[in-house]
Each structure stands twice: as C-alpha cells, then as structure tokens.
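# sequence and predicted structure are below.
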Amino acid sequence: MAQTVFVEAINQAIAEEMRRDENVFIMGEDIRRAVYGATADLLDEFGGKRVLDTPLSENGFFGAAIGASLVGMRPIVETLTSFMWVGMDQLISQAAKMRYMFGGQATLPVVYRATMFYGGGSAAHHSDRSYPMFMNMPGIKIVVPSNPADMKGLLKAAVRDDDPTIIFEDGTLFGMRGEVPDDADLPQGELVVPFGESKVVREGTDCTIVGIGGAVNHAAAVSDQLAQEGISVEVIDPRTLVPFDKQTVLESVEKTGRLVIADPAHKVCSAASEIASIVAEEGFWSLQAPIQKIASEQVHIPYTPSLEKHVYPDVPKITAAVKRTLES
Amino acid sequence: MDIDRDLLLLMLRRMWMIRNFELKVMEVHAAGEFTGPAHPYIGEEAVAVGACAALEDTDYIAGTHRSHGHPIAKGGRVDKAMAELYGRVDGYCKGKGGSMHLADYSIGILGESGILGSSVPVAVGAALAAHIKGEEFVSLAFFGDGASNQGALHESMNLASVWNLPMIFLCENNQYAVTTSYADTVAVEHVSDRASAYNMPGLLIDGQDAIAMYEATREAVRRARAGEGPTLIEGLTYRYEEHSLGLGRVRRGEYRTEEEIESWRQRDPLVILEGTLISQGIATREECDAINGETVEEVEKATDFARNSPFPEAEDLFEDMWANPIPLP
Ligand SMILES: Cc1ncc(C[n+]2csc(CCOP(=O)(O)OP(=O)(O)O)c2C)c(N)n1
Ligand SMILES: [Mg+2]
C-alpha cells in the first residue's frame, strides 16, 4: 500500500482511465499546466487532442462534453463548483434530462469533476458546496469522496459508468494523505469503487454519524475522541449521494438509535436534510433521540477567517450533537 | 446545376412531407387529439431540407423547439414522429419527449431542444468528437434568430472556431421570436454578420430556395470535412403560422401585417423548387403533384399509426432514467 495524496489519487485515476480507453479525454481551464494539480503531466503523455484547455465558456464546453459523450467519447470535465452556475443550463437541461426525454436513445458517459475550495478564505464566490441542488434533479449521479483511495476508485467508476456523473471533490482534502492500495494487491486487479455502497468508517453502538465529504474525517475524529470517554460512535460515509445506500444507514440507526449527520453543504435542503427525512420515514421506530443535522450555516461564506471558521461542521459541533442525542 | 436528380426529388418529397405533416398536426391539434405546444415549420421547409440534403446519415444534427422539420429533413420517420406527438409508446421517445424533443439516434438526430440555444453546445461536442478521433463526420446545429442572442451560441461559435471543428451553425431567421422582431433584438443587420467575430465565413442565403440552401451547406460540409473549420449560414425565411399552436388565442395586438405574410407566401419554398424542377425539365408537373400526393398518404398512415399505438403504462414511468439503473430513493 502506498501513501498517496488526494490530488495525486485524482491524477492517477485520470491517467489510468485515459490509458485504458482512448475515448476518454479531459477538458477544462488551465489543465495542461495543471494549476489545480490534478491534471499534472497528462499533456505530455496524452497530447493536446485529449487534454484540452478550454476558453472561459462553461456553458459552451460543459455542453460540448455532453455532445462528445453522445457519440462515443467519455469526457472528463474539470471545473470548480462555483463555476458550474454558469454552465447550469447544460447540466440540467441537457445532461440530466436527455436520456429520459429521448426515451432512452441518448447515453451520456460524461464526468464533471467539480472541486469545492471552501474553508480557505476564498469568500462567497469560490466556496460552494452545491451537491444537494443536484440531488434534487433526477438524472445525474453524485459522488463525494472523503479520502484518496475512494477518490481514485470512485473517479474510475464514474468514467466507466454510462450515466452523467458529478464528482464533488472536497478541496479541504486535496493535501490529505491516505493509503491507496496497489492494483496488484487487489483481488479484482484494480481499484474501482462501485456506486451506492456506503463505507462504515468506524464501528460503534451508541450513536451513528453520517458524514459527507470532508466531514467524514471530522466524524471519525469525533468517534476516536469519544471512545476515550466510553462513547461508541459509528461513522458512515455514503460516498455516493445518488445513488444513496440507505440500507447501511438504516441498519446502523437500528443498532445505535441515534443519528447525527455532518454535511458541509448549507443546512436547508442539504444532503443531511434528505438523509434525515429517509430515517424519519423509514427508521423512525429505531430512534431514541431527535436527529441532529450539523451542516453549514445558512449564510454566505465570509472572507475573513474569524467569521468563516463558524460556518462549517467541525469536531466541536459534531461532538456536541452526539452528546445531545445521548442526553435523551 | 450539378445536383443529382434523385437528390432534388428527395428534397421535394421531404419538403412536401414536412408541409403535409404540419397541416395534419394543425388539424388534429385543433381537434384536440393531443395537447401540448407544437411549433409549425410551414414556410420554412427549404431551410432544413436544403441543409440536411448536404448531410449523410453518419453526420449529426441538433434542433430547436420548432422541431418537426429537422428530423423529417434528415430522413426521420413520420409515423414515429406523429406517434410521439400523440404521446404513444411507438413514438420516437416512447411518449416521453413530445413535439419539442424528437430524436432519432440511428440517423444522427441528437435531439430537438425546448431551451433556446441549449442544443448548440451539444452539437459542437459531436464535432469535437470527430476532431479528436480524426473521423470524417460533421455536426450541424439549427437555431432561430431569437436564439442567436443566447450566450450558448456565441460560446459555441468561438469554441468551434478556436478548435477548428467540423461544425455548421445554421440560423433559421424567420425574423421573429414569438412576437418580437429580430431587427429589434439583433445588433447587427444580419445574423450571419456575427461570423466575423468568430473568424468563420458567414453566409446570408435565401431560405425559401432549397437549392441555394443545399449548395451553401454542401460547401460548408466540404470545408468541415477538409479540416477548414466551422461555417455560419443564415437562411432568411418566414413562418406562415402562429408561433405555436394555440398561442394566438390570448395574444393582444398584431406584430406583423397581412401584407407581409402574404408577400412571403408569394415566395413559397415549394412553389420555388417545383418551378425550378419543371422549368429545367428535371420533373413534370404531374411528377411533382404525385410526390405531394404520396406524402399526404404517408402522413395519413402515420396519423393512423399514432392513433392506434397504445399509451405507455404507469410502470413505464421510471424506464429510461439511467443507462446503469439505480434504486429509487
Ligand atoms: C431559454 C429560453 N427562453 C425563452 C423560451 C421561450 N420561447 C420559446 S420559442 C421562443 C422564440 C424563439 O425564437 P427563434 O429563436 O427566432 O425561433 P422561432 O420560434 O422563430 O423558430 C421563445 C422566446 C425558451 N423556450 N427558452
Ligand atoms: Mg425566429
């Protein structure tokens, strides 16, 4: 097992998929010189036709990726969540809807890699965590990896999936190190993480935390700390929000009777809201305490660190929420 | 004229097919046989037919809300198109798309789009695929004069130009977007003038003349296949009918005069093409009338086919959401 940095895991996944299938290509802004790191050295290996620097035209090139995917290509688009607003029409009117609208004739194996650079003083225009908005729109698969190995395996799965996918890459994790298994050590010979399979990150019996993206790691830290106080916290990482593996969450809540959801998105209509509603509907009789949603405050992201630090789920907030569930 | 006789007769057949299809659609829509918006292409037939006559089945098109003419011009089936308008299982999209979303992936029709300008970047993507793979096919996007003001179109023209893509931008300038005159909304005199901003040829063509549309598109296709990049073609044309079926009922006030409509009817694309074919001895009056009559019959059959096709069942609701299906939430 190699220790790999999150952004290198992205790079490995892209390069391996481009090597495996010549229909895979990547496009985005400033990717040839890899200003965000994930596309390093791709130009040298694959050449300019498959590594395309685009004009600043998100609506245009988001759509071009769709069109290319319709005729046999498997495009990967690099962008930031905050720039997706500009290309929303293509994502919603075309990517999400074409297959259904055309009675199954259209197949769109297109992947958007959307990085969420929050938490570092980027202010309101560059800090979006917008996956819940896309969960509301049927037709797009939604992936939020929380560590290098899943990042690599889920991106490879996304490239191979025949449906449009957005991978929300948590920018707070770009420097995270983690074990990424070598292909030779894997029974299937390569690291591909299937969609719709949650991972139990910590096992526990007193309370369940479902974490999304970077919040998974906060939740794991909470679990480790509370273990010293004799509180046993299970941590679940759904890994994909569409499809969402509700079974693992429902079974965990059946065991623990308590649920905290830690979600870096804004609190209203968040992924946390949806997960809470699923458990309220289908796991109500397991609950021994009210569900706690720890999501970002319903304000824009302020620039100054003295304010920004109050916005997101963090270890103290999640810890307090777990303790609240144990009071009842 | 260096155009094959068979191709000319095919063009005439497709133009009559569109005309008679649309007349039938207006009749059955008025009779309440199906609901939902439908945008007649009557008067504009030469634009799509001339353009598509220059394409192969392996080339791609993407269209607009005014959506019946493009697939028929590209060789699509009127029975499946009509069944789609009726919302039936045998429709092109099994009743899930309706009038504004006809598509036939077996012959390169990537689909019509209800959101103006939105299908243009998609069409550019098909051209991008040809470019990356080094393949010969080209891609053509239809859009209206109104949609020519969409950012998506401008981003697309720039993309196609900087990447030198085998792409044809085809503006159907029928001079109005619903009730708004293009002169009031387009800053240049002709939509084709916009080509210069994207360093590509911009051609202003008589959109009532199918042969002129064909010749212009044929040259654009030649350029595209030869690696010379994209072309913008503007077909100047006119829609005879209301913007969409039923819309006229609530409209207040006129936006165009009877004289203007009449003057364009005098330049009917079918009259013009038949006139050329007959005067040049390519076809007789009787042959032209026979083609018209055959398309009337085919449209009748298509309408019967549509009426007799069943509606989808409730269990079909969730079909076609995903290529790799996932559980319902
Ligand atoms: C993005 C968007 N805005 C507005 C509309 C409503 N709308 C439908 S057709 C139309 C006019 C289109 O004009 P044009 O592009 O010239 O095409 P035409 O109808 O004349 O063929 C409008 C405003 C729409 N469908 N999509
Ligand atoms: Mg118009």
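Arrived safely. Residues are numbered from 1 along each chain as shown, chains lettered A, B, ... in the order given. Ligands and ions are numbered 1, 2, ... in the order given.

# for residue B:36, give me the pLDDT.
Here, the pLDDT recorded for residue B:36 equals 89.

# OK, contacts around residue B:55?
The contact partners of residue B:55, by CB atoms under 8 Å, 6 or more residues apart in numbering or on different chains, come to B:61, B:74, B:108, B:138, B:140, B:217, B:221. Every residue, glycine included, has its C-beta placed from N, CA and C.

# can you turn the buried part of those residues into a PyMOL selection?
Only the buried entries of the contacts of residue B:55 go into this PyMOL selection, using 16 or more other CB atoms under 10 Å in any protein chain shown:
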select buried, chain B and resi 61+74+108+138+140+217+221
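
# of the contacts of residue B:55, which belong to strands?
Per DSSP state E, strands hold the following members of these: B:61, B:140.

# can I get the contacts of residue B:55 in TSV with pLDDT and distance to ligand 1?
Converted to TSV, the contacts of residue B:55 look like this (pLDDT from 0 to 100; distance: CB to the nearest ligand atom, whole Å):
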residue	pLDDT	distance to ligand 1
B:61	98	15
B:74	98	17
B:108	98	21
B:138	98	22
B:140	99	16
B:217	98	18
B:221	98	23
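
# out of the contacts of residue B:55, give me the two with the largest separation.
By the measure CB to CB, B:108 and B:217 form the most distant pair in the contacts of residue B:55, at 14.5 Å.

# ok, back up a step: and which of the contacts of residue B:55 is nearest residue A:50?
Nearest member of the contacts of residue B:55 to residue A:50, counting by CB to CB, is residue B:138, at 20.8 Å.

# grab the nearest non-local neighbour of the one residue in the stretch 1-150 of chain A that gets nearest to ligand 1.
Residue nearest to ligand 1 within the stretch 1-150 of chain A (CB to the nearest ligand atom): residue A:89, separated by 7.6 Å. Closest residue in space to residue A:89, ignoring its immediate chain neighbours: residue B:118 at 5.5 Å, by CB to CB, 6 or more residues apart in numbering or on different chains.

# give me the phi and psi for the closest residue to residue A:97 other than its chain neighbours.
Leaving aside its chain neighbours, residue A:97 sits nearest to residue A:139 (5.9 Å; criterion: CB to CB, 6+ apart). Backbone dihedrals for residue A:139, given as degrees, to the nearest 10, come out at phi 120, psi -10.

# next, the contact list for residue A:139, please.
Counted by CB under 8 Å, 6+ apart, residue A:139 has contacts A:95, A:96, A:97, A:99, A:100, A:163, A:164, B:321.

# now do it, the pLDDT please.
98.

# so how far is residue A:92 from it?
From residue A:139 over to residue A:92 the distance is 8 Å, taken as CB to CB, to the nearest Å.

# likewise residue A:217?
Separation of residue A:217 from residue A:92 (CB to CB): 31 Å.

# between these two, point out the one with more neighbours.
Set residue A:217 next to residue A:92 and count neighbours by other CB atoms under 10 Å in any protein chain shown: residue A:217 wins out with 22 against 17.

# now do the contacts for that one.
A:146, A:147, A:173, A:176, A:211.

# in the stretch 101-250 of chain B, which spans are strands?
B:139-144, B:167-173, B:176-177, B:180-181, B:202-206, B:231-236 (DSSP state E, counting those that start in this stretch).

# right, and those strands - which one's nearest residue B:301?
With CB to CB, the closest approach to residue B:301 among those belongs to strand B:139-144: 27.0 Å.

# show me what from chain B comes close to ligand 2.
B:144, B:145, B:146, B:174, B:177 (CB under 5 Å from the ion).

# now tabulate these in CSV and tack on neighbour count and pLDDT.
Shown next, in CSV, are those (neighbours: other CB atoms under 10 Å in any protein chain shown; pLDDT from 0 to 100):
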residue, neighbour count, pLDDT
B:144, 25, 98
B:145, 24, 98
B:146, 20, 98
B:174, 24, 98
B:177, 19, 97
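
# can I get those residues in CSV including distance to ligand 1?
Shown next, in CSV, are the residues of chain B next to ligand 2 (distance: CB to the nearest ligand atom, whole Å):
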residue, distance to ligand 1
B:144, 2
B:145, 4
B:146, 3
B:174, 5
B:177, 3
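
# closest to chain A out of the residues you listed?
Of all the residues of chain B next to ligand 2, chain A sits closest to residue B:146, with 15.7 Å by CB to the nearest CB.

# partners of the closest residue to the closest one other than its chain neighbours in the sheet?
Counting by CB to CB, 6+ apart, the nearest residue to residue B:146 once its immediate chain neighbours are dropped is residue B:177, at 2.6 Å. Residue B:177 forms beta bridges with residue B:180, as assigned by DSSP bridges.

# next up, phi/psi of residue A:208, please.
Phi and psi for residue A:208, reported as degrees, to the nearest 10, are phi -110, psi 130.

# swap in the one 10 residues further on?
Summarising the backbone geometry of residue A:218 under the convention degrees, to the nearest 10, its torsions are phi -60, psi -40.

# list the contacts of it.
Counting by CB under 8 Å, 6+ apart, residue A:218 makes contact with A:211, A:262, A:313, A:314, A:315, A:318.

# so the third one touches residue A:297, yeah?
Yep, that's residue A:313 we're talking about. No. Contact between residue A:313 and residue A:297 fails when scored by CB atoms under 8 Å: they sit 9.8 Å apart.

# more crowded one of those two?
residue A:313 (28 against 12).

# ok so the more buried one is a helix residue?
No. Looking at residue A:313 with DSSP: H, G, I helix; E, B strand; the rest coil, it is coil, so not inside a helix.

# and the pLDDT at it?
At residue A:313, the pLDDT value in this model is 98.

# what pairs with whatever residue of the stretch 1-150 of chain B ends up closest to ligand 2 across the strands?
Using CB to the ion, the closest approach of the stretch 1-150 of chain B to ligand 2 is made by residue B:144 at 3.8 Å. Listed by DSSP bridges, the beta-bridge partners for residue B:144 are residue B:172.

# as a markdown table, the strands of the stretch 101-250 of chain B with distance to residue B:97 would be great.
Putting the strands of the stretch 101-250 of chain B into a markdown table (distance: least, CB to CB, whole Å) gives the following:
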| stretch | distance to residue B:97 |
| --- | --- |
| strand B:139-144 | 17 |
| strand B:167-173 | 20 |
| strand B:176-177 | 23 |
| strand B:180-181 | 27 |
| strand B:202-206 | 30 |
| strand B:231-236 | 25 |
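
# out of those, nearest to residue B:304?
For residue B:304, the closest of the strands of the stretch 101-250 of chain B is strand B:139-144, at 29.3 Å, according to CB to CB.

# please name every helix or strand in contact with the closest one.
When contacts are defined as 3 or more CB pairs under 8 Å, 6 or more residues apart in numbering or on different chains; DSSP states H and E, strand B:139-144 packs onto helix B:45-52, strand B:60-62, helix B:119-133, strand B:167-173.
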